[in-house]
Every structure is written in structure tokens, then in C-alpha cells.
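Participant: I need the structure of the sequence given here:
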Amino acid sequence: MPAAPPTCPDCAQTMKAGGLVLSGREDDGARTCQALWRCPDRHVWWRWADREDDPLEVCPYPNSSGPDIYG
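Facilitator: Coordinates of the predicted model:
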């Protein structure tokens, strides 16, 4: 069963998944994905897709994913 979507740390609204970004992780050198999340107020957050218990971090590239996939 999939976990419930996270809530935005800024406004406490339920967030919507926005895709994955392949990245290199500094602490273990692994190439893995960061999961993007956006709330209705357009705050953009991400976290390592394989570390769901880690806290969300502000995405430093909120507009770099191409077309606005969030509508």
C-alpha cells in the first residue's frame, strides 16, 4: 500500500507528486532519484526517493523541470 502524500512544511497542505530527478548523492556516492512534491500554494520540495523517512528539503530548482506539470 503506498504511503499517504506528505504535507507541505510551509503551509500544511497535502502535496502532489511531480516526478523524479536522477541525482548523485554525496554521502554514499549512489546515483538515485529525488522525488519532487508541490503543494497548492506552489511550494516545491524534494527528498531522496529511497529514503522516505528523511525530511523534505526545499527544491533549489523549482522551475527547471520543463513545462509546468502541476497545472
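Participant: Show me the strands in the protein, by range?
Facilitator: 16-24, 31-38, 44-48, 57-58 (DSSP state E).
Participant: and these, which is most packed in?
Facilitator: strand 44-48 (a mean of 20; mean count of other Cβ atoms under 10 Å). Glycine gets a C-beta too; all of them are placed from N, C-alpha and C.
Participant: Can you tell me which of the strands of the chain is nearest to residue 9?
Facilitator: Residue 9 lies closest, by Cβ to Cβ, to one member of the strands of the chain: strand 44-48, at 7.0 Å.
Participant: Kindly export the closest one (C-alpha atoms) in CSV.
Facilitator: Extracted C-alpha coordinates of strand 44-48, given in CSV (Å, rounded to 0.1, in the frame of the first residue of the first chain):
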residue,chain,number,x,y,z
VAL,A,44,8.3,22.9,-4.2
TRP,A,45,10.1,20.3,-2.0
TRP,A,46,12.1,17.1,-2.7
ARG,A,47,13.7,14.2,-0.9
TRP,A,48,15.5,11.0,-1.8
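Participant: now stretch 34-41: how far from the chain's centre is it?
Facilitator: Remark: stretch 34-41 is offset 5 Å from the chain centroid, using Cα atoms, centre = their mean, to the nearest Å.
Participant: Can you show me the CA trace of that stretch as CSV?
Facilitator: Extracted C-alpha coordinates of stretch 34-41, given in CSV (Å, rounded to 0.1, in the frame of the first residue of the first chain):
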residue,chain,number,x,y,z
GLN,A,34,14.9,12.7,-5.7
ALA,A,35,11.1,12.7,-5.6
LEU,A,36,9.6,16.2,-6.3
TRP,A,37,6.5,17.4,-4.4
ARG,A,38,4.4,20.6,-4.8
CYS,A,39,1.5,22.0,-2.7
PRO,A,40,-1.4,24.1,-4.0
ASP,A,41,0.5,27.2,-2.9
